[in-house]
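1. quick one, fold the following:
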Amino acid sequence: MKRAYFFLTILIMASCTTTPTKDYIRLNGFTQGTTFSITYADSLNRNFAASIEEILERVDSSMSLYRKNSIINHFNQSQTGIEVDSLLAHVVELSLLYSQQTDGAFDITIGPLAREWGFHAKKGEMPNAEMVARLKQFTGSGMINLDGLHITKKFPEVIIDVNAIAQGYTVDLIAEFLDDMDICDYLVEVGGEIRSKGKSPRGKHWLVGIDKPEENALSGENLQVIISLSGESLVTSGNYRKFFVREGVKYSHTIDPTTGYPVTHSLLSATVIDKTSARADALATAFMVMGTERTQKWLSANPKVDAYLIFSNEAGEYEIWMTEGMKKRVVE
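-> Take a look at the predicted model:
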């Protein structure tokens, strides 16, 4: 689950160049089982709704597990693999790279295990150890291979699920389209994944709120912190709303690819700032697998990525930790 709540003012700002004052245009809608919101300034007052809908349709027909005839479903139903479109090929390429960068914590082949745990979570049950062991045989980045547009699988049972990166990738596609249209100021959000550029209508950086990790609160209802953002992407992933309890033990919806079981650490949410939403999306998911200490070590070795972590201590109280770069973005 990835949540971020953003604030947009209604003032008009001066252009980022010397051109006449721009009007801000806002587009909203539904896609990929969630909502999207796009705000941009354009002195020509162009409406890009049709072009953006085309981008969303291309992504959906390529990567949606809910569309019977999507390309990803054709791959998952194949015995050895198929040739895919350029979008899915690029997402798989990025996913394999991010899996390598996170020592396997990000894994698009985890789908069968996640579904098995999700099925039992609905009934408050646990899958048996034999089933977990069997499904784990078909997970790991080594289960698939990408050669141009052709993706092959090691076993027919291997399936991929790109939900943990698809929305971030969609945000990047829309942002790149706006860049091509010479839009200097925008905020693109799909399902909580955000990419920004330039300034907001108030003439300053965009303000993005991070939710407190409260189980029953609505998104944006109780904010932990507000972040100033411009020219970067932000994604938040968390465990605190999707879980089930059995015999007094809370089982998260985040599955550790190395064990096949839900994570048991105390990290509640991870917010990541990076250049692209796709990578921020993947890293936020990976951090929720790693837990607080492993994530802190990873961030120390990768100082160009900023993060804001919320975790619980032994007393069950919330604590926060953030990178030095993130501290500079916090709005008092």
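2. which ones are touching Asp147?
-> Asp147 sits next to no residue when contact means Cβ atoms under 8 Å, 6 or more residues apart in numbering. Just so you know, the C-beta spots here come from the backbone N, C-alpha and C atoms, and that holds for glycine as well.
3. hey, C-alpha coordinates of the helix or strand containing Ala284 in CSV?
-> Using DSSP states H and E, Ala284 maps to helix 277-290. Extracted in CSV, the C-alpha atoms of helix 277-290 (Å, rounded to 0.1, in the frame of the first residue of the first chain):
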residue,chain,number,x,y,z
SER,A,277,8.7,7.4,-9.4
ALA,A,278,9.4,3.9,-10.7
ARG,A,279,12.5,3.6,-8.7
ALA,A,280,11.0,5.3,-5.6
ASP,A,281,8.1,2.9,-5.9
ALA,A,282,10.3,-0.2,-6.0
LEU,A,283,12.6,1.1,-3.2
ALA,A,284,9.6,1.9,-0.9
THR,A,285,8.4,-1.7,-1.4
ALA,A,286,11.9,-3.1,-0.9
PHE,A,287,12.4,-1.1,2.3
MET,A,288,9.2,-2.5,3.8
VAL,A,289,10.8,-6.0,3.2
MET,A,290,14.1,-5.0,4.6
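4. give me the number of residues near the residue lying closest to Arg46 once chain neighbours are set aside?
-> Nearest residue to Arg46 in three dimensions, chain neighbours excluded: Met181, at 7.2 Å (Cβ to Cβ, 6 or more residues apart in numbering). Look at Met181: counted by other Cβ atoms under 10 Å, it has 14 neighbours.
5. give the contact list for Met181.
-> By Cβ under 8 Å, 6+ apart, the contact set of Met181 is Asp42, Arg46, Phe48.
6. beta partners of Lys197?
-> Applying DSSP bridges to Lys197 gives these bridge partners: Tyr186.
7. do a quick rundown of the helices in the stretch 151-300 of the chain.
-> Taking DSSP state H, counting those that start in this stretch to define them, one finds helices in the stretch 151-300 of the chain at 163-180, 277-290, 292-301.
8. what mean pLDDT does the second one get?
-> Okay, so that is helix 277-290. Regarding helix 277-290, the rounded mean pLDDT is 97.
9. how much space separates the residue nearest to Arg46 from Met288?
-> Per Cβ to Cβ, to the nearest Å, Met181 is found 35 Å from Met288.
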